[in-house]
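Asker: everything below, folded, please.
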Amino acid sequence: MRGGRVRWLVVFLTIAVALLVVASTSTNVGSGSGPPTAIGTGGAAASVETIATQAAIDTLKRGGNAVDAAVAAAGVLGVTEPFSCGIGGGGFMVVRTAGGPVTTIDGRETAPTAMTPTSFWVGSPPAPLPFNDARFSGLSVGVPGTVATWAEALARYGTMTLAQVLQPGIQVARHGFVVDQTFFDQTQQNVDYFDDVPTTAALFLDPDGTPHDVGSVFTNPELAATYQRIAHLGPKGFYRGAVADALVDTVKHPVISPTANHTWRPGVMGMRDLHTYVAPTRTPTHVNYRGLDVYSMGPPSSGGSTVGEALNILEGYPLSSMTRVDALHYYLEASRYSFADRNAYLADPDYFDVPLSGLLSKDYAATRRALITTTAAPGAVPPGNPYPYNTGVGEAASTALQSETTTHLTTSDKWGNVVSYTFTIESTGGSGLAVPGFGFLLNNELADFNYDSTTHPNRVEGGKRPRSSMSPTIILDHGKPFLALGSPGGSTIITTVLQILVDRLDQGMTLPQAILDARASQRNGVNTSAEPAFLASPERAALEARGHHFVNGGEIGAATGIEFLPDSRVLAAAEPVRRGGGSAMVEVPEP
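Answerer: Sure thing, here's the model as predicted:
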């Protein structure tokens, strides 16, 4: 979803009082978007929203750590970014603890246990539903994982309570923010479906059925009360009781207006699906790239494995001494071959034996690299065979430990904790179903399954987590934090993260330059999606001469990141332009 829009808090001093940080609260709160880059010392934060980034910095100033700050920012984003994230969805958090290992929390939604491979099929003979028919329904709603992720992160790695870190979000929901053009536009694109659902229409549309006007104040007292309930009761305030009852009822019995012009199908979620949800801790993916340790999210996300495989392929090329055209060519082709494997082998590891160590093997990467030439492949390439290289054990394995519009935020603290967190409700506006009385939209994540197949590793199955592309990434240099980053953008998340890494690590760009760079996304197809700025670049013609075909993909990604500089300073960076621009702050800015 969009970036750091101008979001003026109507009563921002109330937040400062609630946080007990009146003296330390930046005068930037409520004063506009950005800045997209900040350098200083202490902790840092970068997100798509100024007030969310400020909530993270305020939390750090209160003595919280990077995990506390990440959850505080996420709570605010759940209010101000309701069409891309929130408690009705899920996500993945990668955490580096001070002096300790990198680990991950899997907050991906799960399919209700009653789902089957043909749950999205209708008619005689049965056929899979078109995407919008599947999306705008109770069928597409997975059991949300965001609240469980926040609770798990705080319990394992945080220093504050859920009640403390939810206060900024509660205050923003209660007192509001000013609607900007992007919020209006994202509402407008969903009006034809939102007006079918009385609860959704009441929350996001004016009485005349149009989006809330730009410049009007949007408040969400129902969500404020829901947050307050979770703050008081913890996760059971969401997964049990009144919220859970209303959520399940919304999925199983969507209340639709008699004037609705679409068919909204009921889902099959039950209370037990909510009661048994867990957000497991998982081992991250890991590859070593030019001496740096790159950690990201493993299955059910395809992000870490696909970025990791592509980096292994690219490591065989001297990208730093190549021309820009050469480097871009090999970046695009490495992405093509990695996506072929991603599409064939990535799924929930509890339901499919993902050959992860094979996909991340240097030797396997060499076999894929050998297929790449100085010209582009004419179209989709077949997957390789990683199984001979698959050990099934070791540091690359991703197994649960006991214990895709989207948004991304990155935080760090003065002790060395780092968080890279991507979370979502899937499409802009999710399933279109708002839970009555509680102020949040439900996800449509189950549409991320290959629901048109009964045999694909990522087919629909009860209890299963759909494949994702989220790629929250943390890079260590000899055990010390060097870089943390991530992006929204569906399957383009993978290419966005990969291109930023190539630009930063191989092409001599600074992190802000790499985030700003015009993007192109090759996902194993005839065409490569590219931004208008890339299409206007001189590299385009040279790459087309090598057989690449480009189409306008519009805006691609909206990244945030933090780089740890050699002199104990930190550089926080967000998008300067995409999706309205993001916001980056540090705890102690340079004078």
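
Asker: closest to the centroid, which residue in the chain?
Answerer: Taking Cα atoms, centre = their mean, the centroid of the chain lies closest to T422, which sits 3.1 Å from it.

Asker: and the end-to-end length of stretch 537-555?
Answerer: 15 Å (Cα to Cα, to the nearest Å).

Asker: what separates that stretch from the chain centre, distance-wise?
Answerer: Stretch 537-555 sits 27 Å away from the centroid of its parent chain (Cα atoms, centre = their mean, to the nearest Å).

Asker: circling back to that earlier point, so which helix or strand takes in the residue nearest to the centre of the chain?
Answerer: Using DSSP states H and E, T422 sits within strand 418-426.

Asker: which other helices and strands does that strand contact?
Answerer: With contacts defined as 3 or more Cβ pairs under 8 Å, 6 or more residues apart in numbering; DSSP states H and E, strand 418-426 has these neighbours: helix 66-80, strand 90-96, helix 146-157, strand 405-412, strand 473-477, strand 480-486. Yep, even glycine has a C-beta here, placed from its N, CA and C like the rest.

Asker: swap in 7 Å and give it another go.
Answerer: helix 66-80, strand 90-96, strand 405-412, strand 473-477, strand 480-486 (3 or more Cβ pairs under 7 Å, 6 or more residues apart in numbering; DSSP states H and E).

Asker: show the contacting residues for the residue nearest to the centre of the chain.
Answerer: Listed by Cβ atoms under 7 Å, 6 or more residues apart in numbering, the contact partners of T422 are G91, F92, T406, H408, M470, P472, G486, P488.

Asker: picking that back up, can you give me the angle the strand holding T422 makes with strand 90-96?
Answerer: Between the axes of strand 418-426 and strand 90-96, defined by axes from the mean of the first three to the mean of the last three Cα atoms, to 10 degrees, the angle is 170 degrees.

Asker: strand 418-426 to strand 473-477, inter-axis angle?
Answerer: 160 degrees.

Asker: so which of the helices and strands packed on strand 418-426 gets nearest Q171?
Answerer: Closest to Q171 of the helices and strands packed on strand 418-426, according to Cβ to Cβ: helix 66-80, at 9.0 Å.

Asker: what segments of the stretch 51-200 of the chain are strands?
Answerer: Taking DSSP state E, counting those that start in this stretch, the strands of the stretch 51-200 of the chain run over residues 90-96, 102-107, 121-122, 127-128, 177-178.

Asker: name every strand pairing with the longest one and say which way it goes.
Answerer: When you say that, I think you mean strand 90-96. Strand pairing for strand 90-96, using DSSP bridges, gives strand 102-107 (antiparallel), strand 418-426 (antiparallel).

Asker: do I have it right that I493 meets S487?
Answerer: Yes: at 5.2 Å, I493 and S487 qualify as touching, with contact defined as Cβ atoms under 7 Å.

Asker: re earlier: okay if I get the contacts of T422 as a markdown table plus neighbour count?
Answerer: Shown next, in a markdown table, are these (neighbours: other Cβ atoms under 10 Å):
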| residue | neighbour count |
| --- | --- |
| G91 | 29 |
| F92 | 31 |
| T406 | 28 |
| H408 | 33 |
| M470 | 32 |
| P472 | 31 |
| G486 | 32 |
| P488 | 30 |
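
Asker: so for those residues, which is the shakiest by pLDDT?
Answerer: pLDDT is lowest at T406 among those; the value there is 86.

Asker: from the contacts of T422, which is closest to A55?
Answerer: H408 (15.6 Å).

Asker: which intervals of the stretch 401-550 of the chain have sub-threshold pLDDT?
Answerer: 401-404 (pLDDT under 70).

Asker: using a markdown table, lay out the strands of the stretch 51-200 of the chain together with distance to G582.
Answerer: Below are the strands of the stretch 51-200 of the chain laid out as a markdown table (distance: least, Cβ to Cβ, whole Å):
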| stretch | distance to G582 |
| --- | --- |
| strand 90-96 | 17 |
| strand 102-107 | 22 |
| strand 121-122 | 40 |
| strand 127-128 | 37 |
| strand 177-178 | 16 |
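
Asker: winner for burial among those?
Answerer: Highest mean neighbour count of the strands of the stretch 51-200 of the chain: strand 90-96, a mean of 29 (counted as mean count of other Cβ atoms under 10 Å).

Asker: next, the angle strand 480-486 makes with that one.
Answerer: 170 degrees.

Asker: helix 66-80 and strand 90-96, what's the angle between them?
Answerer: 160 degrees.

Asker: any idea how far strand 90-96 is from the chain center?
Answerer: 9 Å.

Asker: angle of it against helix 146-157?
Answerer: Using the same axes, to 10 degrees: strand 90-96 against helix 146-157 is 20 degrees.

Asker: could you dump strand 90-96 to CSV, C-alpha only?
Answerer: C-alpha atoms of strand 90-96 as CSV (Å, rounded to 0.1, in the frame of the first residue of the first chain):
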residue,chain,number,x,y,z
GLY,A,90,-0.7,-11.5,9.1
GLY,A,91,3.0,-11.3,8.2
PHE,A,92,6.6,-12.2,8.9
MET,A,93,9.0,-10.7,11.4
VAL,A,94,12.8,-11.2,11.3
VAL,A,95,14.6,-10.4,14.5
ARG,A,96,18.3,-10.1,15.3
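
Asker: what does it contact?
Answerer: In contact with strand 90-96 (Cβ under 7 Å, 6+ apart) are residues 67, 102-109, 144-146, 149, 153, 157, 284, 295-297, 301, 417-424, 443, 445, 470, 472-474, 481.
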